[in-house]
Structures are given as C-alpha cells and as structure tokens.
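> 3D, please:
(chains A and B)
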Amino acid sequence: MAQAEYWEHFAHGADIGVRGIAATETGAFVQAAVALTAVITNPESVAATLAVSVHCEAPDHELLFAEWLNALIYEMATRNMLFSRFELRLDATSLDATLWGEPIDVPRHTPVVEVKGATYTELQVVQQADGKWLAQCVVDV
Amino acid sequence: MGNGWRSVSWMYEVAKLFYPLSLRERVRVNLVRRCMIMDLTLFQQHSDTRWEIAPHGKMRVPAVIYADEPLIRDMDNKVYEQICNVATLPGIVQAAYAMPDAHWGYGFPIGGVAAFDPDHGGVISAGGVGFDISCGVRTLHTGLRRSDIMARQKDLADELFRSVPAGLGSTGGIRLNHQQMDAMLSGGAQWAVQQGYGTPEDLQRVEEHGCMAHAKPAEVSDRAKQRQREEMGTLGSGNHYLEVQHVREIFDARIAEVYGLHEGDVVISIHCGSRGLGHQIGTEFLKEMAISAAQHGIELPDRELACAPINSEIGQRYLGAMRAGINCALANRQIITHLTREAFARIIPSAQLNLFYDVSHNTCKVETHAVQGVKQPLFIHRKGATRAYGPGHPDIPVPLRAVGQPVLIGGSMGTGSYVLAGTTQSETQAFSSACHGAGRAMSRHQATRQWQGRQLVDELAEHGIMIRSPSLRGVAEEAPGAYKDVSAVVDAADKAGLARKVARLEPLIVIKG
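Coordinates of the predicted model:
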C-alpha cells in the first residue's frame, strides 16, 4: 500500500531537489522540510528538543513554498541548528510555523553539505490527479 | 573521454577505480543521459568549438556555446533551453554565451555569460550572478617544492583542517559588530588587510585590487548580515575546498615563467565565496525581482531568470548589495589566506605564501568592451565563468600584464586543476570570459550510490592525496568520477581561444567542508 505522506529527493545536475507528498498542501510542505534536513543529515538523528517560530509571506503558494524552505535555511544557518519536526498553518499569502530541532553536533550529525538557498527551479506546488499534494523545488548546495 | 584524459595515464587508472558501477546502474545512468543529451541539429556549427543558435521566438540575440563535439553532446539539453532564455532578456548585447563547462543552472546555465546595456533597457539578474556571489578561486605560491613537504604532508593536512573552519556547523573566530560588518562590506580584502589579515602586496593580485567599488552595505538586509556573523574566514561546503597542490605539467613555458610556476612547485588553491551573506542577498533579491518583473514590463520565460532594469530602483539596490557581497567574498578569501599562512608557519616555517592571483566566477561587473568596433560600458554577468582579460589589459597586475590575466580553473579533488591565461581573441569571443571548472557529470544522489566516502579517502591516499573532511558522505558526493573531465573542458577553452592552457596542478592535500 502506498504511503500516505512521504518525502524524497530528485536529481539536479549540480544540486539536489526536495519533494514532499501528502494528503494536504500543509502536509506536503512539512514533508519537503524533512527532505531539506535529509540533504544535510539523517532526520531521525535530530532530536526535536528546541522550538523556533517562523513567519513567511509571498503572493502565491509556490513562492511561499520557496520562502518556507528559505526560512528553514536561515534558521539553520543563524542558530546552528537542525530541525526534524514541523507544524505549520497556511493561508492565501502567508505561513506560520513552529520548527523543533537541536543544535548541530558535528560528530553525531556529520553534516554532509550546507544548503545555500531554495531556488525556483522545478518549483511546484500542485494537487495531483490522485488527490495528493506535491511541493518541490531544487535547493542550491 | 577526451584524448587529454587518456594521456594522463595514472589518473585514468584512478578514475577506473571510481567507476565500480553495477550493470543495472550503468544501464540506468546511460538511459538518463540518453534522454538529456543535446540535439546538435539545433545548432549551426561555426568551428570545432563554436556552436551558434540563431535567434528564434523571443530571442533578441543569438546564443553561442563554446565546446568540442563530445562536450556539447554530453551537455544537458537544459543548457540549450536556458541560454536561449537568457537571449530573450531586455538590453542583451551581441549574444548569450555558454562556456565549455556549461550545465543546468538556475535561470542562467552555470557557465553562462551575458552583457547588458543600461541605456537600452538592459537588466541585472540575481539568478545571473547566483546565490554564492563572487565565489572564486585564489592561488598562492609557497616557495616550496613537492619534495619539501612530503615528509610533513600528514601534519600539514591535520593543521590546515584544524585552522580553516570547513563544513556546516563550523564557525569562524572573527565576530563583527554592525559597524565592522559595514566596513568589511565596503572594503573587501582591503578591509581584511587593514585588520592584519595579509599584506598590501596581496591586494595587487586580487581583481578590483581587493575592493569592489560602489558597494552599498545599507542595501544588505539585517538578515543577510546576521547570517554572516559567525562565518567570516570559513570555507563552506559542497564543492568548496582548500587544496595544497603541486605543478604537475607546464604547457606554456613562457607564460608559466611570468606567472612564477614551475614543474614540482607547491601552490595552494582556495575555492569559496561570500558565504551566508551572499546566499541571503541572492535569496531575497530573487524573490523581489520575480515579483516586480511584470511591473517593469519584463516577461520572464523562467521565474529563476528574475531580473530588473539596471536603471530601476530595485536594480540599483541589488547592484549595491551584490557589490557588498563581492567584498564579503574577497575579505573571506583574504582571511582564509591568513589562517593558511599561520598553519603553514607552524609546520613548515620556511614557506613563503605569496598570492599569485584571485579570480571570482559568480559576478556582474561593469566593464568596457568593443561591440561592432565601438567601445562601451556593459554590465557583464558571469555565472560560473571567469574573466579572462588578454595581454596588455590595464586591469591585470603589472608583473603579469604582458601575458594575460591568470584564469584559475578548479577541477575535482582527484583529477587536478588548471591555470590558464586570458587571450586577445577572448575579447571578441565572449567579452573576455572563460570556463570556471569541471562541472558535475552526475547528481549527488548518483554519486553516493556509487561511492563510499571512506573508500574514496583511502584510495586517494594510496595515490598520494590526503583528504580531510567532517563528512564522508560529503566526500562521496564530491567523488572525482562525479565530475566531468576537467582536461576536456580546458582543452576546449584553449582550442576556442577563450584562454590559453598554462599549467596543470594536482592535489596533495584536500580540505573539504
């Protein structure tokens, strides 16, 4: 039986794509966030002990999705943290979310690569024919 | 593989070690490649290395790809699509160009070059510069021969890895307050030298003498500055590196002599950019330009190609911020140079680390170029492309001027790097531009499916190359076999007249994030 919600990576020449699939658009955003963490480390190795709030705005949901990932990248970079649990609320032009994670522990997390930013390449937020939502883009590493 | 690769027999042997593909995987990769391969019937071939696309659709100028036939056949067809899209942008002059290492990028192909005239509605594009503003390569002489360092190779590798922060989670030892941050963003490497990180002589060997003029720190957001607070003097990750290399082969003895490069010499190359600050500037202006494009009457074929008229309010703000980003990169490479000198002094005190040259390959700069015989100032975007001024250009340091600007080409950690020299004909070929590296041949995912980081580190060590990195998966993603053959790229650039091949460098120590 197919998974209800999941994340995956997809290939891009020099970089990597992150994709979230879920029954809801919000769920797809959450799954893509897990995929972003998985670019750097195993998400299961990241303890959800500290909470951080983020707010993003954009005129449409595709740009909002890129903003969401960029907000995560910013919080990772400035707090030296990794995140593994996400809750978010979406409306037409904004997003409020809480991220849970912990400070980077280099020997334990062995971070593979730093993500520079979410790009608009392969950027998509769509409801597929099977009713599930897909949210994806390529991230620059 | 090109003949250049085969001629380097030991490296071919190394490469064979890195291609342990299962039959199933090999078939899959070939199928993927087959779907992406370039259709050469789309081009008019003007020479062995110049492939032109006539304007069609909304293209305002032709598009030109410089590559030999094997390289262009192997290019992703996204390069075709993206370089044609660049040719549709307002105010573009002469042609949109792609270098021999071109590959699928963001809006612009990586390896893309385009010039815009502000007096004819020309635009500036955040995507045309890239997220890592002023990413570049700096190479230092050491005054040492290979035989001088081999006995201390391990100690040197360990000391450099301790001294130069690399990888996610590492922080620099320098913390800047708001005033200091703005001074750094205005002054670049000149600021760094004033703070004691290097010498005034270094600045003569850096593009723009180490300081990009007209930077506007006030146009850099607080978030971008916050992201940079702990990242001064850090290498980053991905394809960024610090390598101790030796000169393996000289191709042009006359130019190499002027450059001070001799077979067996030890040099150091540093590849990194503007770190979090540049990434944040790119992120913020990409969004703002994508939203505002319609207001400026710009129809974007791809949102990633977001741009604004140079003479618009947002265009001017981006220029000020982007130039501050260039200064951040120049300061960062200057500080890393200082840390490298300190590390060398602790292990090999006799080393004299003098700067050979520093080039950026993600920029937009105002330069004077001749268009149909008339010289005019143009905004030259180089996204994954290196400036390559020919002999006599006044912006080349005096001791090097007679032979052309050094063009520093980073390869992969197993296959080596190249030093090229700008040529006179490069001016007419692509506004004095050349390639910047090998370019990836496969995705990071494919790489990690094929190689184990530990195995790579051990195999490279057997060939005399010591790797230090906090992440073995990161090493696997950067496996030499995941990159195109840098020798083929450089040969094509040489043959096309974009730059002249001078020397090949091979790594002895690799520090990766």
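> Okay, the residue most central in space within chain A and B:Gly196: tell me how far apart.
In chain A, the centroid-proximal residue (C-alpha atoms, centre = their mean) is A:Ala33; its distance is 1.8 Å. Separation of A:Ala33 from B:Gly196 (C-beta to C-beta, to the nearest Å): 42 Å. Just so you know, the C-beta spots here come from the backbone N, C-alpha and C atoms, and that holds for glycine as well.
> So stretch A:60-68, near chain B or not?
Yes. Applying C-beta under 8 Å from any C-beta of the partner chain, one finds stretch A:60-68 touching chain B at A:Leu63, A:Ala66, A:Glu67.
> same thing with stretch A:98-109?
Yes. Stretch A:98-109 is in contact with chain B by C-beta under 8 Å from any C-beta, via A:Ile104, A:Asp105, A:Val106, A:His109.
> End to end on that stretch, go ahead and measure it.
Using C-alpha to C-alpha, to the nearest Å, the end-to-end distance of stretch A:98-109 comes out at 22 Å.
> Name the residues of the helix-or-strand element of chain A with minimal mean pLDDT that are buried.
Among the helices and strands of chain A, helix A:106-109 carries the lowest confidence by mean pLDDT, DSSP states H and E, at a mean of 92. In terms of neighbour count (16 or more other C-beta atoms under 10 Å in any protein chain shown), helix A:106-109 has its buried residues at A:His109.
> Could you do stretch B:175-192 as well?
For stretch B:175-192, by 16+ other C-beta under 10 Å, it's B:176, B:181-192.
> Flag every residue of chain A that's near chain B.
Proximity of chain A to chain B is confined to A:9, A:11-16, A:40, A:58-59, A:63, A:66-67, A:70, A:73-74, A:77-78, A:80, A:104-106, A:109-114, A:116-121, A:123, A:138, A:140-141 under the rule C-beta under 8 Å from any C-beta.
> in its sheet, what does the helix or strand just after the least confident helix or strand of chain A sit against?
From helix A:106-109 onward toward the C-terminus, using DSSP states H and E, the following helix or strand is strand A:117-118. Strands that pair with strand A:117-118, judged by DSSP bridges, come out as strand A:133-140 (antiparallel).
> If you drop the residues flanking it in sequence, what lies closest to B:Thr88?
The shortest distance from B:Thr88 to any non-neighbouring residue, by C-beta to C-beta, 6 or more residues apart in numbering or on different chains, is to B:Lys58 (4.4 Å).
> how close does that neighbour get to chain A?
19 Å (C-beta to the nearest C-beta, to the nearest Å).
> With B:Ala479 instead?
Here the criterion is C-beta to the nearest C-beta. By it, B:Ala479 lies 13 Å from chain A.
> Next one: the spatially closest residue to that residue that is not a sequence neighbour, what pLDDT does it get?
If the residues on either side of it in the chain are set aside, B:Ala479 comes closest to B:Trp451, at 4.4 Å by C-beta to C-beta, 6+ apart. In this model, B:Trp451 is scored at 91, pLDDT.
> for chain A, what are the nearby residues on the stretch 1-150 of chain B?
B:Val32, B:Asp76, B:Lys78, B:His103, B:Trp104, B:Gly105, B:Tyr106, B:Gly107, B:Ile110, B:Gly130, B:Phe131, B:Asp132.
> Which ones among these map onto strands?
Counting by DSSP state E, the part of these found in strands is B:His103, B:Trp104, B:Gly105, B:Tyr106, B:Ile110.
> Those into JSON lines, with extra columns for neighbour count and pLDDT?
As requested, these are exported to JSON lines (neighbours: other C-beta atoms under 10 Å in any protein chain shown; pLDDT from 0 to 100):
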{"residue": "B:His103", "neighbour count": "24", "pLDDT": "91"}
{"residue": "B:Trp104", "neighbour count": "22", "pLDDT": "89"}
{"residue": "B:Gly105", "neighbour count": "29", "pLDDT": "89"}
{"residue": "B:Tyr106", "neighbour count": "29", "pLDDT": "89"}
{"residue": "B:Ile110", "neighbour count": "27", "pLDDT": "94"}
